[in-house]
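Engineer: Just the structure for this:
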Amino acid sequence: MNQQIVSEYYGKTLQGSEDLKTDACCTTEDIPRWHKAILSDIHDEVMAKYYGCGLIAPLKLTGARVLDLGSGSGRDVYALAQMVGPEGHVVGVDMTDEQLDVARRHQAWHAEKFGFANVSFEKGTLEELDQIGLEPASFDVIVSNCVINLCTDKPAVLRHVKSLLKPGGEFYFSDVYADRRLPESVVSDPVLYGECLGGALYWNDFINMSKGAGFADPRLVTARPLTIENEILKEKLGQSRFWSATYRLFNLDGLEPACEDYGQAVIYKGTVEHAPDAFILDGHHVIEKGKVFPVCGNTWRMLAETRFAEHFSFIGDMTTHYGIFEGCGTNVPFEDDSAGVTSAGACC
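Structural biologist: Numbers count the residues shown, from 1 in each chain. This next block holds a predicted model:
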């Protein structure tokens, strides 16, 4: 039922972003100047049909093979096409005929504008990505923009993403999250669902769901609270709060469930395009050029075993373990002297 709601809402009800009733499906964050230049080379009709809650523009994409889930009218596909260049390729998947028609109608226009043709569009649902002929382990990066919340079987989507990524590949995506599990009255409301609110995951369920799919250490990149100005919708939502957040999940088997300290550090060379002074891995890792930056074992692997490796120097290895990485939010639970513990006795 929800797939039908989504298809009708984005294919027939919405004629443009001005028809949205909330800002949940709108990108309001500051867009970098270099990305604005990319968007200026996209057809007006494609831009007018755009619905997204974030900026899915991970760096270091030249030559990459990228998959956009829920690609809609193709705005992000055509933006990413410019970022991967003529040696790369971008595939968009969507289930809505009207949106796919817009995206495909302007393929030749964009090919002439860019000087190369490197995009394709496939029809299908994200819950059944394995049914549309995409080769397993064939994508360097997979993205989506405010689409996972619209899916009826979110764990299946994450499992498919994991299987389609190359080792060291990345799922970089923006979506909507709630501060609690939503009641059925919200989930079943067609407008709230179409506005990307009714299907929003409770953030902690998302974390556990990601880990269950094999993404052991989800990294939060950016987040912003969503405002609900429509009084009718606000009343239906009650005290639930919502955020748009961008996460990156790396396809690295064996990542640890916590930040473990092995005495490692990295030095950023400043060589990633559009990041000459600092590389932002996530909200807690802004790595300045030339500075020795201590990292946990997972962060080390996210840099050393991915497309970013050539842009860093690496210090240390994983032969000696020093416990939980300082500042990761997990402390040794045995250090309270007030308990009167005087010996390493039995574990009772």
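Engineer: For the longest strand belonging to the chain, output the C-alpha coordinates as CSV.
Structural biologist: Assignment by DSSP state E gives strand 165-178 as the longest strand of the chain. In CSV, the C-alpha atoms belonging to strand 165-178 read as follows (Å, rounded to 0.1, in the frame of the first residue of the first chain):
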residue,chain,number,x,y,z
LEU,A,165,29.0,-2.2,-3.0
LYS,A,166,32.5,-3.2,-3.9
PRO,A,167,34.8,-3.9,-0.8
GLY,A,168,35.7,-0.6,0.6
GLY,A,169,32.7,1.0,-1.1
GLU,A,170,30.4,3.5,0.5
PHE,A,171,26.7,4.2,1.1
TYR,A,172,26.4,8.0,1.4
PHE,A,173,22.8,9.2,1.9
SER,A,174,20.5,11.7,3.5
ASP,A,175,17.2,10.8,5.1
VAL,A,176,14.7,11.7,7.8
TYR,A,177,14.8,10.3,11.3
ALA,A,178,12.5,10.5,14.3
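Engineer: tell me how far it is from the chain's mean position?
Structural biologist: Strand 165-178 has its C-alpha centroid displaced from the chain centroid by 4 Å (CA atoms, centre = their mean, to the nearest Å).
Engineer: cool, stretch 155-169 as well?
Structural biologist: For stretch 155-169, the separation from the chain centroid amounts to 12 Å (computed by CA atoms, centre = their mean).
Engineer: Of all the residues in that stretch, which ones are buried?
Structural biologist: 156-166, 168-169 (16 or more other CB atoms under 10 Å). Every C-beta, even on glycine, is put in place using the N, C-alpha and C of the backbone.
Engineer: What separation do you get for residue 296 and residue 284?
Structural biologist: Distance of residue 296 to residue 284, computed by CB to CB, to the nearest Å: 10 Å.
Engineer: Among the two, which residue is more densely surrounded?
Structural biologist: residue 296 (22 against 13; other CB atoms under 10 Å).
Engineer: Name the residues linked to residue 121 by a beta bridge.
Structural biologist: For residue 121, the beta-bridge partners are residue 92 (DSSP bridges).
Engineer: What is the neighbour count of it?
Structural biologist: Around residue 121 there are 19 residues (other CB under 10 Å).
Engineer: tell me what the regular element (helix or strand) spanning residue 286 is packed against?
Structural biologist: For residue 286, the element it lies in under DSSP states H and E is strand 285-288. Using 3 or more CB pairs under 8 Å, 6 or more residues apart in numbering; DSSP states H and E, the elements in contact with strand 285-288 are strand 264-268, strand 278-282, strand 292-295.
Engineer: Residue 45: which of these is closest?
Structural biologist: Of all the helices and strands packed on strand 285-288, it is strand 278-282 that lies closest to residue 45, at 32.7 Å by CB to CB.
Engineer: Now do that closest one against strand 264-268, angle only.
Structural biologist: Put simply, strand 278-282 runs at 130 degrees to strand 264-268, going by axes from the mean of the first three to the mean of the last three CA atoms, to 10 degrees.
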